[in-house]
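Visitor: Just the structure for this:
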Amino acid sequence: MKAVSIIIPTLNEEWYLPLLLDSLKKVSAPLDIIVVDGNSTDGTRKVVEDYASFFTEASSLRLVLSDKRSISLQRNIGAEQARHDILIFCDADIIMPSSVAHEAMISEFVENKYVVAAPVLVPIESRWDLKPLFKLIMFIQKIFLMCGRPYFAGSYLLTTKETFVKIGGFDIDILLGEDVDYSLRAGKIGPYGLLKTPILVSARRLIKYGYVWILKEFPNVFRLLFTGRVHADTIFYPFGDFGTPIFVPDEKKKKITCPTK
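Guide: So this is what the prediction gives:
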């Protein structure tokens, strides 16, 4: 079983991080999990402390603090401390379906000798409109891949430490779209691809802000698709503020149960 390092940048993720860590507990392969926190004001750090004891022997869970709230910087900090060659940059609102899914994804990544890759993303939530929307997004992504444009989201991004070093990591001057920028630069030095294994991700921003948000930001989305760049000061994309948790909290256990798993 191939060992991997998973870097999770966080900012006020006490409701979602437990769900991710619960799913990673089930993975039998060695995991080096690094949570890089950007000065959260909620219980994110305590979540990491509470879960650390579940990752022992071949696996580990560490908390690293960042002086600055910057997703690019936080990812770079985590990568610099990673113990393994395969790096996974993972957002806190992800669920790993199973240990089998994890191993299948890593095997495909290694066998194809990818320098950067991403899995198929499917929504955690069961709202009727989300699955068709995600399928459309995946379809558009495949079209751009055929055109030589690896537009991979940072929700779950696989790469190698060698690749990370060669291209200088994530560009800390890019506040939004840094994942696409990394994917495009990495794709210039080696093979890339969309992995078959589906990974669960929350559609929490869309649920909170609605389709009006997307329609208002369509010019920025269009610019990102065709240039690979978007200016953060021209788009509304809040970090660390998601309103009422989408999942059902268990106040007593300080954990989250997902009604749509």
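Visitor: Give me the residues contacting stretch 39-51.
Guide: Residues from elsewhere that reach stretch 39-51 (CB atoms under 8 Å, 6 or more residues apart in numbering): 10-14, 17-18, 21, 25, 35, 37, 61-63, 65-67, 69, 240, 254. Using the backbone N, CA and C atoms, a C-beta is placed for each residue, glycine as well.
Visitor: Tell me which of those fall in strands.
Guide: The strands in this structure, assigned by DSSP state E, contain 10, 35, 37, 61, 62, 63, 65 from the contacts of stretch 39-51.
Visitor: In JSON lines, list those residues along with pLDDT and distance to residue 51.
Guide: Conversion of those to JSON lines gives the following (pLDDT from 0 to 100; distance: CB to CB, whole Å):
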{"residue": "10", "pLDDT": "95", "distance to residue 51": "13"}
{"residue": "35", "pLDDT": "98", "distance to residue 51": "9"}
{"residue": "37", "pLDDT": "96", "distance to residue 51": "13"}
{"residue": "61", "pLDDT": "98", "distance to residue 51": "6"}
{"residue": "62", "pLDDT": "97", "distance to residue 51": "11"}
{"residue": "63", "pLDDT": "98", "distance to residue 51": "10"}
{"residue": "65", "pLDDT": "96", "distance to residue 51": "17"}
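Visitor: Quick one, which of those residues are buried?
Guide: Neighbour counting by 16 or more other CB atoms under 10 Å classes 10, 35, 37, 61, 63 among those as buried.
Visitor: any idea which helix or strand carries residue 133?
Guide: When elements are defined using DSSP states H and E, residue 133 is found to belong to helix 130-146.
Visitor: same thing with residue 103?
Guide: Residue 103 is located in helix 99-111, with elements delineated by DSSP H and E.
Visitor: May I ask which helix or strand encompasses residue 77?
Guide: Element membership for residue 77 (DSSP H and E) is helix 71-80.
Visitor: could you check the angle strand 60-65 makes with that helix?
Guide: Helix 71-80 and strand 60-65 are oriented at 140 degrees to each other (axes from the mean of the first three to the mean of the last three CA atoms, to 10 degrees).
Visitor: mind listing what's buried in helix 71-80?
Guide: Taking 16+ other CB under 10 Å as the basis for neighbour counts, the residues of helix 71-80 that come out buried are 71, 72, 73, 74, 75, 76, 77, 78, 79.
Visitor: how about JSON lines for the residues you listed, with pLDDT and distance to residue 137 added?
Guide: As requested, these are exported to JSON lines (pLDDT from 0 to 100; distance: CB to CB, whole Å):
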{"residue": "71", "pLDDT": "91", "distance to residue 137": "20"}
{"residue": "72", "pLDDT": "93", "distance to residue 137": "22"}
{"residue": "73", "pLDDT": "95", "distance to residue 137": "27"}
{"residue": "74", "pLDDT": "96", "distance to residue 137": "25"}
{"residue": "75", "pLDDT": "97", "distance to residue 137": "22"}
{"residue": "76", "pLDDT": "97", "distance to residue 137": "27"}
{"residue": "77", "pLDDT": "97", "distance to residue 137": "29"}
{"residue": "78", "pLDDT": "98", "distance to residue 137": "26"}
{"residue": "79", "pLDDT": "98", "distance to residue 137": "26"}
